[in-house]
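K.L.:
sharing a model that was predicted from the sequence below.
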Amino acid sequence: MSIFEHASVLRAELVDSLNIKPGDLAVDCTAGGGGHTAEILGRIGPQGRVLAFDRDHWAVEELGRRFSSELARGQLEIIQAPFSQLETELGRRGLLGKVHALCADIGVSSPQLDQGQRGFSFNKDGPLDMRMDQNQALSAATVVNTYSPSDLLRIFREYGEEPQARPIVRALLKQRETKPFTSTLELADLISRTIHYKERSRKHPATKVFQALRIEVNGELEELQALLQSLPKALVSSGRAAIISFHSLEDRLVKHSFRKLAEGEREKINRHLPVTASELARLEARQFNLIKPFPIIATEEEQATNPRSRSAKLRVIERIPQEEPL
């Protein structure tokens, strides 16, 4: 059995929303176990091409095994790099402005959570790691054991949206004076002993802190922001981008970025005054459309079989088709 088996969330919905045609160029920014990649390869056909990004070497190795035939035919290229490097990697290949379909499934994957040695899970004992790229220096243990009280408080509040961040930080600082944290369960147990909710919750008390640490270690919000900034340079006329997010911080970034692209200069126009010719020209120069004004969520059936899909939100944007010059 593969160590990187992963049930891709919103698999059909994401690929359907990209409106892929045979022969298209597509980019999977978070290839992972290859679920979405496989679906896209089936849609583009032998004349199409897929670029698959992932910074996790385990994922890259699994993709190489799973898609050895497609790699040999040149239908697929695997790029071991963070998706913040999208613009650089496309530019290097002369593919800026030529992508027909681009997708990203943001956040941690099931295989990363399920492998205790990766240090992502508060339910499995393992080193306090959480690095998606095993070659980087910063780990969760470094954050927990060396960050200042103010930085820990900021991270837990901003990235984890943890209302009881202060008592958690106090307990953490007290314990690390005696012995540095080395394991996931050690940290999870401390959090469980420290905070108590008035109402029972299905969520583990350490959920938000572990989310915050993962975001900090992997620079996830900065990565996502860089990807969103690259989209206008990546997509061809009529090209589409579809992004799945799993928590409010990610979804807020995607929603606001997509809305800004779709509205163009509209926010600068005073709706109480007549629209001038120059203002109208700016509106007509708008380059993107939202496919839907609201996110697509998983069906009840998928949520029942894959609990991870319950928090998933899919948003899709399209570059407005441009008329070909005569």
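P.N.:
In hand now; what should we look at? Residues are numbered from 1 along each chain as shown.

K.L.:
what's near enough to touch S139?
P.N.:
By Cβ atoms under 8 Å, 6 or more residues apart in numbering, the contact set of S139 is 119, 127-131, 217. (Each C-beta comes from the backbone N, C-alpha and C, glycine too.)

K.L.:
and the two most separated of those?
P.N.:
The widest separation within the contacts of S139, taken as Cβ to Cβ, falls between P127 and V217 and amounts to 12.5 Å.

K.L.:
between the two, tell me which one has more neighbours.
P.N.:
V217 (23 against 15; other Cβ atoms under 10 Å).

K.L.:
need the contact list for that one.
P.N.:
130-131, 138-140, 143 are the contacts of V217 under Cβ under 8 Å, 6+ apart.

K.L.:
make it 10 Å
P.N.:
Neighbouring residues of V217 by Cβ atoms under 10 Å, 6 or more residues apart in numbering: 119-120, 128-133, 136, 138-143.

K.L.:
and the pLDDT for it?
P.N.:
With respect to pLDDT, V217 has a value of 96.

K.L.:
quick revisit: can you pick the most crowded of the contacts of S139?
P.N.:
That'd be G119 among the contacts of S139, by other Cβ under 10 Å, with 27 neighbours.

K.L.:
picking up where we left off before, just the ones in helices from the contacts of S139, please.
P.N.:
V217 (DSSP state H).

K.L.:
buried sites along the strand or helix carrying V144?
P.N.:
For V144, the host element (DSSP states H and E) is helix 140-146. For helix 140-146, the neighbour count (16 or more other Cβ atoms under 10 Å) marks 140-144 as buried.

K.L.:
tell me which other helices or strands it touches.
P.N.:
On a contact count with 3 or more Cβ pairs under 10 Å, 6 or more residues apart in numbering; DSSP states H and E, helix 140-146 meets helix 149-158, helix 165-178, helix 184-194, helix 207-218.

K.L.:
other residues contacting stretch 174-188?
P.N.:
116-130, 140-146, 168, 172, 189-190, 192, 194, 204-207, 209-210, 213.

K.L.:
distance between it and the chain's centre?
P.N.:
Chain-centre distance of stretch 174-188: 29 Å, with Cα atoms, centre = their mean, to the nearest Å.

K.L.:
now do stretch 296-315
P.N.:
15 Å.

K.L.:
how long is it from one end to the other?
P.N.:
Counting by Cα to Cα, to the nearest Å, you get 7 Å between the two ends of stretch 296-315.

K.L.:
quick revisit: winner for burial among the helices and strands packed on helix 140-146?
P.N.:
The highest mean neighbour count among the helices and strands packed on helix 140-146, using mean count of other Cβ atoms under 10 Å, belongs to helix 207-218: a mean of 24.

K.L.:
now it against helix 165-178, angle please.
P.N.:
With axes from the mean of the first three to the mean of the last three Cα atoms, to 10 degrees defining the directions, helix 207-218 sits at 70 degrees from helix 165-178.

K.L.:
just checking, what packs against the helix or strand following helix 207-218?
P.N.:
Toward the C-terminal end, the helix or strand that comes next after helix 207-218 (DSSP H and E) is helix 220-234. Under the contact definition 3+ Cβ pairs under 10 Å, 6+ apart, helix 220-234 sits against helix 86-92, strand 99-105, helix 207-218, strand 235-245, helix 248-263, strand 313-319.

K.L.:
buried deepest among these, which one?
P.N.:
It is strand 99-105: most buried of the helices and strands packed on helix 220-234 by mean count of other Cβ under 10 Å, with a mean of 25.

K.L.:
per-residue pLDDT, Q322?
P.N.:
pLDDT at Q322 comes out at 73.

K.L.:
my guess is T88 contacts F53, does it?
P.N.:
No - counting by Cβ atoms under 10 Å, T88 stays clear of F53, with 11.3 Å between them.

K.L.:
worst-scoring helix or strand of this structure, pLDDT-wise?
P.N.:
Within the chain, confidence by mean pLDDT, DSSP states H and E is lowest for helix 277-284 among all helices and strands, at a mean of 58.

K.L.:
contacts only, for the spatially most central residue of the chain.
P.N.:
Nearest to the geometric centre of the chain sits I106, at 1.6 Å (Cα atoms, centre = their mean). By Cβ under 10 Å, 6+ apart, the contact list for I106 reads 29-30, 83, 220-221, 223-224, 227, 243-247, 250-251, 253-254, 312-313.

K.L.:
do A242 as well
P.N.:
10, 13-19, 36, 101-105, 291, 296, 314-318.

K.L.:
cool, C29 as well?
P.N.:
Contacts of C29 (Cβ under 10 Å, 6+ apart): 36, 51-54, 79, 81-86, 102-106, 223-224, 227, 230, 234, 241, 243.

K.L.:
tell me the pLDDT of the closest residue to I44 other than its chain neighbours.
P.N.:
Excluding its sequence neighbours, the residue lying closest to I44 (Cβ to Cβ, 6 or more residues apart in numbering) is D24, at 5.0 Å. If you check D24, the pLDDT there is 98.
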